[in-house]
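Chemist: give me coordinates for this.
(one chain, ligands or ions: 2)
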Amino acid sequence: MAVAHDSSVIDLDRAGPRPLALIDPFARAITYLRVSVTDRCDFRCVYCMSEHMSFLPKAELLSLEELDRLCSAFIAKGVSKLRLTGGEPLVRRGIMTLVESLSRHLKSGALKELTLTTNASQLQKFAAELKGHGVERINVSLDTLDPDKFRAITRWGDLDKVIAGIDAAQAAGLQVKINAVALKGVNEDEIAGLVAWAHGRGMDLTVIEVMPLGDVGETRLDQYLPVSMVRARLSERYTLEDIDLQTGGPARYVRVKETGGRLGFITPMTHNFCESCNRVRITCTGTLYMCLGQEDAADLRTPLRASESDDLIHKAIDEAITRKPKGHDFVIDRRQRRPGLARHMSVTGG
Ligand code: SAM
Ligand code: SF4
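Modeler: Ligands and ions are numbered 1, 2, ... in the order given. This is a model prediction of the structure:
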């Protein structure tokens, strides 16, 4: 099947990279775009934001139409998976308009997956609509099942609302994967229970290491719990069987024999995933980050606004991809105790 975008033709049946595919200098095809649609959020998770964050003035944000245009330009260049994230994507006003308009690329076959990462606080309201627009799977971030601990981690969150959001998502037929950040001394004793809970509800679980992004007013070393330790502890209770599931991302998956469910481990601090990296990220102001763990970025808002034709955007995307680095430089610095990168996760999305 061939779908026309601008004057180009993408052959969707061809195996391997497409004629217009974005190939970086290390021969990696870029097929996955994460879009932070807002830097705002209704939570203030301790590892993600400081309590008193200042957010971008609304005027600096790309409009929903501009976000659609930018996403569509990437899709025309062979991106086949798109994840909306944030901040909290579901607090962006009118977000369903964007989801609905992007769903035309699912219908055309150009996009294989449209998905989002959410804290689930607004899912009760939006789950059915998301499913109606062709979203099949979502990631929900949840680090604990203890209401007090949940409030302490998220500062502002209400666990009951989040669980109700997950219920609504499952009732609407969305597949849910849970992401939990491993936090030293906070939820480390709960991870085995989270596995049982998630798998009992038919949801995969992924455990994530804290990344040194943004100054959150707490010391990373205090939060950092190596996922290798989580894994070692889980193997005392469960039989973890390696499975060969490659996503191009940093997760490595096992099957938990006792539950039959899937468990992922994300270890961003190690370099073992960079060589298969297939993704780039754009912020809500139209800045393209070629790597989550590097400062280098390209401004796509200027070419987007400079002309009604997409030629300048395509050129800017092509040029930026030639600068995608081989890997990241994350370090949790034991001497300086500073964040590895000044940018918060809520700017580039998870
Ligand atoms: N608000 C949505 C949510 O929480 O799912 C989407 C955006 S959030 C930035 C995406 C993911 O990044 C979440 O799973 C969150 O736990 C994770 N995250 C945020 N800051 C992090 C950090 N410093 N290290 C590791 N993961 C982080
Ligand atoms: Fe908000 Fe998600 Fe960051 Fe928590 S992790 S503060 S829910 S953006």
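Chemist: all helices of the stretch 151-300 of the chain, in order?
Modeler: With DSSP state H, counting those that start in this stretch as the criterion, the stretch 151-300 of the chain has helices at 159-171, 191-200, 220-223, 227-237.
Chemist: so can I have CSV of these showing mean neighbour count, distance to ligand 1 and mean pLDDT?
Modeler: C-beta coordinates here come from the backbone N, C-alpha and C atoms, glycine included. Formatted as CSV, the helices of the stretch 151-300 of the chain follow (neighbours: other C-beta atoms under 10 Å; distance: least, C-beta to the nearest ligand atom, whole Å; pLDDT from 0 to 100):
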stretch, mean neighbour count, distance to ligand 1, mean pLDDT
helix 159-171, 18, 10, 98
helix 191-200, 18, 13, 98
helix 220-223, 17, 8, 67
helix 227-237, 15, 11, 94
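Chemist: dump the residue contacts of residue 288.
Modeler: Each residue near residue 288 by C-beta atoms under 8 Å, 6 or more residues apart in numbering is listed here: 280-282, 297-300, 316-317, 320.
Chemist: can you give me the strands for the stretch 201-350 of the chain?
Modeler: Applying DSSP state E, counting those that start in this stretch to the stretch 201-350 of the chain gives strands spanning 204-208, 240-242, 251-256, 262-266, 279-282, 287-289, 297-299.
Chemist: looking at those, spot the one closest to residue 151.
Modeler: Proximity to residue 151 (C-beta to C-beta) singles out strand 204-208 among the strands of the stretch 201-350 of the chain, at 20.2 Å.
Chemist: now do residue 215, the pLDDT please.
Modeler: pLDDT for residue 215: 67.
Chemist: returning to what we had before: of the contacts of residue 288, which pair is most distant in space?
Modeler: Among these, 281 and 316 lie farthest apart (C-beta to C-beta), at 15.1 Å.
Chemist: on that earlier part again, any chance of the helices of the stretch 151-300 of the chain in a markdown table, with distance to residue 65 too?
Modeler: Shown next, in a markdown table, are the helices of the stretch 151-300 of the chain (distance: least, C-beta to C-beta, whole Å):
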| stretch | distance to residue 65 |
| --- | --- |
| helix 159-171 | 27 |
| helix 191-200 | 37 |
| helix 220-223 | 38 |
| helix 227-237 | 40 |
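Chemist: so which of those helices gets nearest residue 260?
Modeler: Using C-beta to C-beta, these put helix 191-200 closest to residue 260, at 7.0 Å.
Chemist: what packs against that closest one?
Modeler: With contacts taken as 3 or more C-beta pairs under 8 Å, 6 or more residues apart in numbering; DSSP states H and E, helix 191-200 sits against strand 175-181, strand 204-208, helix 227-237.
Chemist: that one to strand 175-181, inter-axis angle?
Modeler: 170 degrees (axes from the mean of the first three to the mean of the last three C-alpha atoms, to 10 degrees).
Chemist: use 9 as the first number for this chain going forward.
Modeler: New numbering, starting at 9: the last item is helix 199-208.
Chemist: many thanks, have a good one.
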